[in-house]
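S.K.: Next one to model:
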Amino acid sequence: MKNVFQSQIPQISSLQSLHFFPFVPEGIWQKGFPFQSILDLLRISLLRLFCTLAGWTAPLQGLTHPGLCLTEPCVRVAGAVLASLDRSVDPCHDFYSFACGGWIRNNPLPEGKSRRSPFSELWENNLLLMKQLLENTTVKELSQAEEKAQRYYHACMNETKIESLGAQPLQELIKQAGGWALTGQWDEDNFQEVLRWVSANYRTSPFFTVFVSTDAKNSNSNVIQIDQSSLGLPSRDYYLKKSENQKYLTAYLDFLVELGVLLGGTQEGSLHMMLEVLELETALANITVPQDERRDEELIYHKMEASDLNALAPAIDWMPYLKDVFAPVELNASEPVVVYAKEFLQEVSILIDKTNKSLLNNYMIMKVVRKMVSVLDRRFQDAEQRFLEVMYGTKKSCTERWKVCMSDTDSALGFALGAMFVKSAFAEDNKAIAEHMVLEIKAAFEEGLQYVSWMDAETKKAAKEKADAIYNMVGYPQFIMNATNLDKVFNDFEVVSDLYFQNVMQYYNFSARVTADQLRKEPNRNQWSMTPQTVNAYYNPTKNEMVLPAGILQAPFYSRAWPKALNFGGIGVVMGHELTHAFDDQGREYDKEGNLRLWWKNSSVEAFKKQTQCMVEQYSNYSINQEPLNGKHTLGENIADNGGLKAAYKAYLNWISKNGEEATLPALGMTNHQLFFVGFAQVWCMVRTPESSHEGVITDPHSPSRFRVIGTVSNLPEFSKHFGCKADAPMNPRHKCDLW
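M.R.: Numbers count the residues shown, from 1 in each chain. A predicted model of the protein is given here:
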């Protein structure tokens, strides 16, 4: 699943509350309202105030010119755009600094935050709204599912109860597994049992991950899938490149040792055990395949029967394992399974066979402990926060409890919260407007297809058919607006009052049952992978669908009161980005039905690879804090960024050709074509710590914000045309990368 901003919504410890563009109720001063002298004076005063705050002293001329938009929303957004600019920077030299310099200057990182952006600010506002809804709505006004969300949230907020229980809930859970070697040697030969226990009951994946999803080569069915697991640190690089990551490894070890002590071990015993655990995890990192080597999904897809897994990875007793994980579904040896990490499974089997039984047990239990830390008392949370301060460079962690609880409630009962969010904050006509805009973006993309010179005619025709077939889902899934249907989804999820740890365990069990149930069902095209309040969007290649949640259909991405230039530059580029994922280096391998197959002519495949090599090299030449980007790892997102900007701009030109040029914003001295690009760039303004940037460079498939802006505009001739950039200016290189 490809999303527009996988990492822009940080962990809850990195969120910050402030609107990027102030929202103003629409309809107060609409375009075409008779100009009364008092209103004109108020507008002039507002404009002078904004200009003064922004340090811009250009004369305010022509305020009553019909070519200016002087509605209150236009005046306000003009002030916000102006305040975010840095006019001392030449846009042709560094467009990101020109567009975002003022925003960066005015938005320093608060204590405890590793990054700050319009994405995270909008998410914080959505969290705050949902908090108010949960805290101020009576039970009688809620559906059963919404009431469960309210109980879940309040149980998380009951810190008195959580503190009184201390480590006891987790200690009892560990005893159920037979314990671990905190106080002595562990010799019990129960590896298979513990592996099944941690995987089936607590959704933990110590050595590999197993899940149910759409079969990439048969999009009408779900199938069990197996892949390599994640590590305790964000990337294998943290373990293998020790000299440049030593402070992170030290902080991680200190964190694990402290967890061992909090759970009853001695300092010396915990240190000895966690050193061994870290050594085992380093061995796992060594056999983990880097993400940039896994981009060709046709090559890593391996379908087999469950019985074949015994020969592939004999260290695992596969049938009992799969039966436990997917209970109560009946499985047999002929059950189809798709493996995406064949070589990794072979290597991990060898590693398990040669590793001490006690260490295997310690590692598996440690993975459970890591997962449960945030639901325990303050001592555990403080230990985790000290670790995160080193990992992400925050000066001090000061996350408010309600934010932690809202984020967790969103994870467990997000669609119940989504129903409340949509009813409270989403104007229904925005859905229709956004759906129409998606069609405009799609039409522009398809129009551009005919000018793609490197693709043969037959493949081009099939590509247009795929674009036509993309299924668009905007706002929210329909089931959440029907209380009966919503309650049915969460009917088997039991939530009790005041017992937060127990509720989290119930959620894991509920999630496991839902996953198992999917195995015998056809994929549901109307099933969403994001909740309505999420500030993001995604493209799913196996369903050939694009999803735009209500949460992102707000300022600074969209407002129906704004000029179209801003809307096409904001949400329009997001739409174009997701659409282009259908034709990036991975999405292009799937046909219009969502099946992974060879549907391109070989000549076009080779031409595509040649064209994309330009982007690999372009982005690999960028660096942040003297750390080069990996253009191969970020290729898919860079293709989507470039294609999205191009399609959105073309859609805006098409809109102008049908409707005529629109009024410009006052005080900026910009054409609407320039405003389109500025609006696009200001969505990506960001400040972050060096440590957070380091983590992003090695883990995030998206390029850093700066290069999402300058990388795309420097490839688009129309940008240089409208900003008058001379040939060979930094934003107007002679050699440009062009794909879609």
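S.K.: count of neighbours near residue 158?
M.R.: 16 (other CB atoms under 10 Å). All C-beta spots, glycine's among them, are computed from the backbone N, C-alpha and C.
S.K.: now do residue 194
M.R.: Residue 194 has 21 neighbouring residues, counting by other CB under 10 Å.
S.K.: quick one: it and residue 364, what's the gap?
M.R.: According to CB to CB, to the nearest Å, residue 194 stands 5 Å off from residue 364.
S.K.: Also residue 211?
M.R.: Summarising the geometry, the distance separating residue 211 from residue 364, computed by CB to CB, is 18 Å.
S.K.: Of these two, which one has the most company?
M.R.: Between residue 211 and residue 364, residue 364 has the larger neighbour count (other CB under 10 Å), namely 21 against 13.
S.K.: Please tell me the pLDDT value assigned to residue 189.
M.R.: Note for residue 189: predicted pLDDT of 84.
S.K.: what's the answer for residue 201, then?
M.R.: With respect to pLDDT, residue 201 scores 88.
S.K.: cool, residue 242 as well?
M.R.: As summarised for this prediction, residue 242 has a pLDDT of 92.
S.K.: Same check on residue 254?
M.R.: Here the pLDDT value assigned to residue 254 is 97.
S.K.: Quick check: it touching residue 391?
M.R.: No - assessed by CB atoms under 8 Å, residue 254 is found out of contact with residue 391, at 11.7 Å.
S.K.: Looking at those two, which is more packed in?
M.R.: Under the criterion of other CB under 10 Å, the comparison of residue 254 against residue 391 puts residue 391 first, with 23 against 16.
S.K.: Give me the next element, helix or strand, following the helix or strand containing residue 412.
M.R.: Of the helices and strands defined by DSSP states H and E, residue 412 is found in helix 401-425. Remark: after helix 401-425, the chain's next helix or strand is helix 428-449, criterion DSSP H and E.
S.K.: relative to helix 401-425, how tilted is that following helix?
M.R.: Calculated by axes from the mean of the first three to the mean of the last three CA atoms, to 10 degrees, helix 428-449 forms an angle of 90 degrees with helix 401-425.
S.K.: what are the ranges of the strands in the stretch 201-350 of the chain?
M.R.: Taking DSSP state E, counting those that start in this stretch as the test, the strands found in the stretch 201-350 of the chain are 208-215, 218-228, 302-305, 336-339.
S.K.: Who are the contact partners of residue 375?
M.R.: Residues in contact with residue 375 (CB atoms under 8 Å, 6 or more residues apart in numbering) are 162, 408, 500, 501, 504.
S.K.: Now do it, the pLDDT please.
M.R.: pLDDT, the model's per-residue confidence, is 94 for residue 375.
S.K.: Same question for residue 6.
M.R.: According to the model, residue 6 scores 48 on pLDDT.
S.K.: Use 730 as the first number for this chain going forward.
M.R.: Sounds good: first residue 730 from here, last item residue 735.
S.K.: Please, where are all the strands along the chain?
M.R.: 731-732, 844-845, 937-944, 947-957, 1031-1034, 1065-1068, 1200-1204, 1267-1269, 1274-1278, 1352-1353, 1356-1357, 1416-1417 (DSSP state E).
S.K.: export the ones you listed to JSON lines and tack on mean pLDDT and distance to residue 1336?
M.R.: Shown next, in JSON lines, are the strands of the chain (pLDDT from 0 to 100; distance: least, CB to CB, whole Å):
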{"stretch": "strand 731-732", "mean pLDDT": "68", "distance to residue 1336": "22"}
{"stretch": "strand 844-845", "mean pLDDT": "94", "distance to residue 1336": "38"}
{"stretch": "strand 937-944", "mean pLDDT": "96", "distance to residue 1336": "29"}
{"stretch": "strand 947-957", "mean pLDDT": "96", "distance to residue 1336": "27"}
{"stretch": "strand 1031-1034", "mean pLDDT": "97", "distance to residue 1336": "28"}
{"stretch": "strand 1065-1068", "mean pLDDT": "98", "distance to residue 1336": "30"}
{"stretch": "strand 1200-1204", "mean pLDDT": "95", "distance to residue 1336": "28"}
{"stretch": "strand 1267-1269", "mean pLDDT": "96", "distance to residue 1336": "23"}
{"stretch": "strand 1274-1278", "mean pLDDT": "96", "distance to residue 1336": "26"}
{"stretch": "strand 1352-1353", "mean pLDDT": "95", "distance to residue 1336": "29"}
{"stretch": "strand 1356-1357", "mean pLDDT": "95", "distance to residue 1336": "27"}
{"stretch": "strand 1416-1417", "mean pLDDT": "96", "distance to residue 1336": "37"}
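S.K.: closest one to residue 1313 among those?
M.R.: Taking CB to CB as the criterion, residue 1313 comes closest to strand 731-732 out of the strands of the chain, the separation being 7.5 Å.
S.K.: need the contact list for the nearest residue to residue 1469 once chain neighbours are set aside.
M.R.: Setting aside the residues directly before and after it, residue 1469 is nearest to residue 1372 in space (CB to CB, 6 or more residues apart in numbering), at 4.0 Å. Taking CB under 8 Å, 6+ apart as the criterion, residue 1372 is in contact with 1174, 1305, 1306, 1308, 1309, 1312, 1313, 1468, 1469.
S.K.: for the strands of the chain, which one sits closest to residue 855?
M.R.: strand 1274-1278 (10.0 Å).
S.K.: Report the angle between that closest one and helix 1130-1154.
M.R.: For the pair strand 1274-1278 and helix 1130-1154, the angle between their directions (the same axes, to 10 degrees) equals 100 degrees.
S.K.: Strand 1274-1278 - which strands sit beside it in the sheet, and in what orientation?
M.R.: Partners of strand 1274-1278 in the sheet, by DSSP bridges, are strand 1200-1204 (parallel), strand 1267-1269 (antiparallel).
S.K.: low-confidence ranges in the stretch 780-929 of the chain?
M.R.: Segments of the stretch 780-929 of the chain classed as low confidence (criterion: pLDDT under 70) are 780-795, 913.
S.K.: Quick one: the helices in it, in order.
M.R.: In the stretch 780-929 of the chain, the segments counted as helices under DSSP state H, counting those that start in this stretch are 801-813, 824-835, 847-865, 873-886, 888-894, 897-905, 920-931.
S.K.: of all those, which lies closest to residue 1336?
M.R.: Proximity of those to residue 1336 was assessed by CB to CB; the nearest stretch is helix 824-835, lying at 29.6 Å.
S.K.: Next, the buried residues of that closest one.
M.R.: Residues of helix 824-835 classed as buried by neighbour count (16 or more other CB atoms under 10 Å): 824, 825, 826, 827, 828, 829, 830, 831, 832, 833.
S.K.: From residue 1462, how far off is the first one?
M.R.: Relative to residue 1462, residue 824 is positioned 13 Å away (CB to CB).
S.K.: again with the last one
M.R.: Taken as CB to CB, the spacing of residue 833 relative to residue 1462 amounts to 24 Å.
S.K.: Mind checking the strands of the chain for the one nearest to residue 1007?
M.R.: Counting by CB to CB, residue 1007 lies closest to strand 947-957 out of the strands of the chain; the figure is 18.6 Å.
S.K.: Perfect, I'm done here.
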